[in-house]
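In: Sequence first, predicted model second:
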Amino acid sequence: MPAVFSANLVDLVTGGISFLLTLMVLSYLIGDNPVFRIAIYIFIGVSAGYVAAVAWHQVLYPRLILPLFSASRGERLLLIIPLVLGLLLLFKLSSRTASLGSLPMAFLVGVGAAVAIGGAVMGTLLPQTQASMNAFNLSTAGQYQLEHLGEGIVMLIGTVTALAYFHFGAKATASGPRRGKLVGIISWVGQIFIAITFGVLFAGVFMAALTALIERLNFIITFLSSL
Amino acid sequence: MNPRRFPSLNAVISTAIAIASGLIVLAGYFFVQAANGQASLWTDLRLTLLDWAIILAGFAIFIGVFNLLQVHFKKIQNKQKGSFYSLLLILSLLVTFVFGLVRPAQMGFVFTTVQLPVEASLMAILAVTLTYASIRLLRRRLNLLSVIFLVTAVLMLFATAPLPFLGLIPGLSDVLRPFIAQVMAAAGARGILLGVALGTLTTGIRILFGADRPYGGNK
């Protein structure tokens, strides 16, 4: 078989599979149907298999299996700990032996909690607080100092009131969280800012979805015209 | 003996492991450099523990995939409704995994042929479902907040892209949109982010103090 023909054949097959899957997924627009479900189940299976293969090639083989046979003695001894913890984690597969898997789970949760704390403090709390303060830095505003100050004040009000909506002291009741009178008013203003934020996010997601729809329709037309 | 008052040895060891590993990793964040300017012992420990956690996460992925196989295999065995879909899932999973093991360099083929078109099509469906959801929101929950939400979304849509025959609307695209997106929405987003960060901080500290034990430490 000539190389050009085989390359074209591969393109045709991959394009055909993509075309079929696209149509199967888009068929959801006329309602939930078996064709859509087939596409989704195949997608989930392929994604899970893909993730497992990536986990093997990117994590387990290069970080555990390969060093266990090729690294120095000290490193090999050190790797026995994650190996044992990993094997203990496998006991989670059965409900009878699941309690043995709580040791590696505890390790994962402990490390995860510390990473989350570090990320929250250094990745969100400090930079966002710094950015809120920078809004009042008039030296960078040039001739628009008053506008800059106004924007800073609106941002401060929005940030504080939206944050008050997450007031941890609110009592949970059947009709929703119950707050003190002052916190209630502040969090109500915060809700307006949150609604605006979600409105902007919604518009962004909608435009991205619309772009994807146009791209898929374009793909269908291009594929059909290339046949 | 009351088991509530005397936790099992497994629970005590689990809690000790969670607290110790968490505190060591946390210390690694704060004591980055030793006195001689090189990476501190805490940093080395943090990196080692993170490496172990990544390996364990790799094991966890395999457990999750195996559990998925187990669930769908049982569905087929019990001839439950939709077992044909389960068969498709198992076959596609095994074929992809074996292909990935044997031909890792060609895994991009699977991505461009199956994952990309399905994900892009799902995203495309979202355009229709979001429109439908916003209409339903107006019909079912018409209050001030939902009106603000939808008016903001519509304003953003009209102000972002040039409209046919009209182009960009003056005042809307150059004044109102930047103010809403970069000041008001940014303020709300900052409040949400700070709230989430404070919640994460509280949850993390509760775990490190042993007050919360989501790994099965009898609490």
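Out: Perfect, I can see it now.
In: In the strand or helix carrying residue B:109, which residues are buried?
Out: If you go by DSSP states H and E, residue B:109 is part of helix B:107-110. Neighbour-count burial for helix B:107-110, counted by 16 or more other CB atoms under 10 Å in any protein chain shown, picks out B:107, B:110. C-beta coordinates here come from the backbone N, C-alpha and C atoms, glycine included.
In: Nearest residue to residue 59 in space, please, no chain neighbours.
Out: Just going to use chain A. Setting aside the residues directly before and after it, residue A:59 is nearest to residue B:58 in space (CB to CB, 6 or more residues apart in numbering or on different chains), at 3.6 Å.
In: hmm, I had chain B in mind actually
Out: Nearest non-adjacent residue to residue B:59 (CB to CB, 6+ apart): residue A:86, at 3.9 Å.
In: How far off centre is whichever strand or helix holds that neighbour?
Out: Using DSSP H and E, residue A:86 falls within helix A:73-89. Using CA atoms, centre = their mean, to the nearest Å, the mean C-alpha position of helix A:73-89 is found 30 Å from that of the whole chain.
In: List the buried residues of that helix.
Out: Residues of helix A:73-89 classed as buried: A:79, A:82, A:83, A:85, A:86, A:88, A:89 (neighbour count, 16+ other CB under 10 Å).
In: from those, which single one is nearest residue A:145?
Out: When the buried residues of helix A:73-89 are compared for distance to residue A:145, the smallest value, 56.6 Å, is given by residue A:82; criterion: CB to CB.
In: picking up where we left off before, and the direction of the helix or strand hosting the residue nearest to residue A:59 versus that of helix A:73-89, what angle?
Out: Element membership for residue B:58, per DSSP H and E: helix B:41-77. Helix B:41-77 runs at 40 degrees relative to helix A:73-89, counting by axes from the mean of the first three to the mean of the last three CA atoms, to 10 degrees.
In: list the helices and strands the helix holding residue A:86 packs on?
Out: helix A:66-70, helix A:102-119, helix B:41-77 (3 or more CB pairs under 8 Å, 6 or more residues apart in numbering or on different chains; DSSP states H and E).
In: which of those is buried the deepest?
Out: helix A:102-119 (a mean of 23; mean count of other CB atoms under 10 Å in any protein chain shown).
In: for it, packing partners?
Out: Helices and strands in packing contact with helix A:102-119 are listed as helix A:73-89, helix B:9-30, helix B:41-77, helix B:185-208; criterion 3+ CB pairs under 8 Å, 6+ apart.
In: quick one, the longest one and helix B:9-30 angle?
Out: Using the same axes, to 10 degrees, the direction of helix B:41-77 lies 130 degrees away from that of helix B:9-30.
In: quick one: low-confidence ranges for chain A?
Out: In the predicted model of chain A, residues A:1-7, A:168 satisfy pLDDT under 70.
In: so what are the domain limits for it?
Out: In the domain annotation for chain A, the residue ranges read A:1-70, A:135-227 (automatic domain parsing).
In: Tell me the buried residues in the helix or strand following the helix holding residue B:109?
Out: In the C-terminal direction, the helix or strand that comes right after helix B:107-110 (DSSP H and E) is helix B:116-140. Buried residues in helix B:116-140, counting neighbours by 16+ other CB under 10 Å, are found at B:117, B:118, B:120, B:121, B:122, B:123, B:124, B:125, B:126, B:127, B:130, B:134.
In: helix, strand or coil for residue B:210?
Out: Counting by DSSP: H, G, I helix; E, B strand; the rest coil, the backbone at residue B:210 sits in coil.
In: Pick out the residue closest to the middle of chain A.
Out: The residue lying closest to the centre of chain A (CA atoms, centre = their mean) is residue A:205, at 14.2 Å.
In: Sketch out the low-pLDDT regions of chain B for me.
Out: B:1-7, B:217-219.
In: now residue A:214: how far from residue A:30?
Out: Going from residue A:214 to residue A:30 by CB to CB, to the nearest Å gives 20 Å.
In: The two: which has the busier surroundings?
Out: Neighbour tally, residue A:214 and residue A:30, criterion other CB atoms under 10 Å in any protein chain shown: the higher count belongs to residue A:214, 12 against 9.
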